[in-house]
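how would this look folded up:
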Amino acid sequence: ALLAVIAWVFAVIRRMDWPQGRQLRAAALIGLGLFAAPSLLLHFADVSIPATARVALFSLVIVFAVVLEPYIGGDAVRQSRGALLAALACVLGALCVFPLQFPGSVEESQAFFAVIFAAACVAAASCIAVRAATEFKGKPIAPTAAIAGATATLGLALASTVQEQAIFQLKVFLPEVAWSVSVELPALLLLFWLMPRMSAARMATRYTIAPLFSLLIGVLVLRPPLDLWTCLGLLLMAIGAGYLLLAPDEQPVPTYLTGP
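I've put the predicted structure just below:
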């Protein structure tokens with residue numbers, strides 16, 4: 001909601017043109033795929049899947065983004081050579097750091113695949129966002145961010161109305177708003193600013209870089225004993241994400257099914 005309001009105010013002040021047609025549909029899909037659908041799926045899986053397992057599974061966003069981008073991202077998608085191997089290294093490293101137990105019941109299996117589907121939704125929405133920013137190059141991104149934020153807000157509000165009985169508590173509301181304004185809103189604004197400037201695969205590295213930096217800070221502050229698997233996992237995460245971010249792009253890539 002904060003993203004929608006801030007982007008709308010900025011677009012109105014600057015008198016920007018609002019999306020229409022395909023650009024409007026893309027903005028709505030970005031809001032649903034990047035925010036609303038993953039939030040609902042993770043809420044569904046929250047009881048059955050531990051937080052560390054969700055972090056490990058969400059590293060699959062990078063793999064999905066690398067594989068889907070040639071199909072969804074348009075004809076001019078460029079990726080670095082070996083991008084898929086680097087993405088798999090990120091996932092393997094996350095699995096070394098965050099051990100993952102396969103589900104032992106139907107409920108756990110459903111939650112397990114819900115998290116994977118959430119990761120796929122984020123990757124697909126990222127590809128749509130980059131494609132829209134490329135196709136409509138020169139048009140401001142603020143109106144798209146406003147529509148995406150409003151779509152996500154509406155979807156989550158409707159889901160909350162159906163599934164929950166919300167109780168307003170000021171002592172809970174104020175810290176949430178403070179966290180959103182100081183941390184989440186700047187991150188979302190940066191994300192939309194990067195959409196015309198980065199590939200979907202590179203943007204997806206945030207799902208490896210964020211836990212990687214959290215782990216490194218924890219190691220520096222708490223100095224826990226590290227086993228070989230954890231060290232190997234951290235190394236793989238750093239190498240995979242670093243390669244995806246820094247390696248030069250090759251020529252437009254063919255799809256992985258059809259080949260060159």
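
for Gly218, what are its contacts?
For Gly218, the contact set (Cβ atoms under 8 Å, 6 or more residues apart in numbering) comprises Pro224. Where you see a C-beta, it was placed from the backbone N, CA and C, and this is true even at glycine.

separation between it and Ala94?
Gly218 sits 15 Å away from Ala94 when distances are taken as Cβ to Cβ, to the nearest Å.

can I get the helix or strand hosting Pro175 in CSV, CA atoms only?
Following DSSP states H and E, one finds Pro175 within helix 170-179. Listed next in CSV are the C-alpha coordinates belonging to helix 170-179 (Å, rounded to 0.1, in the frame of the first residue of the first chain):
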residue,chain,number,x,y,z
LEU,A,170,-1.9,0.2,17.8
LYS,A,171,1.1,-1.4,19.5
VAL,A,172,1.4,-3.9,16.7
PHE,A,173,0.5,-1.6,13.9
LEU,A,174,3.0,1.2,14.6
PRO,A,175,6.1,-1.1,14.6
GLU,A,176,4.9,-2.7,11.3
VAL,A,177,4.5,0.7,9.7
ALA,A,178,7.9,1.8,11.0
TRP,A,179,9.6,-1.3,9.6
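
check which residues of the helix or strand encompassing Val221 are buried.
For Val221, the element it lies in under DSSP H and E is helix 206-222. For helix 206-222, the buried set under the neighbour-count rule, 16 or more other Cβ atoms under 10 Å, comprises Arg206, Tyr207, Thr208, Ile209, Pro211, Leu212, Leu215.

next: stretch 166-186.
Under 16+ other Cβ under 10 Å, the buried positions of stretch 166-186 are Leu185.

tell me how far the ends of that stretch are from each other?
Length of stretch 166-186, first residue to last, Cα to Cα, to the nearest Å: 27 Å.

avg pLDDT for that stretch?
Stretch 166-186 shows a mean pLDDT of 87.

contact partners of that stretch?
Residues beyond stretch 166-186 that count as contacts (Cβ under 8 Å, 6+ apart) turn out to be Leu2, Leu3, Ile6, Ser160.

go again with 6 Å.
Residues outside stretch 166-186 that contact it (Cβ atoms under 6 Å, 6 or more residues apart in numbering) are Leu2.
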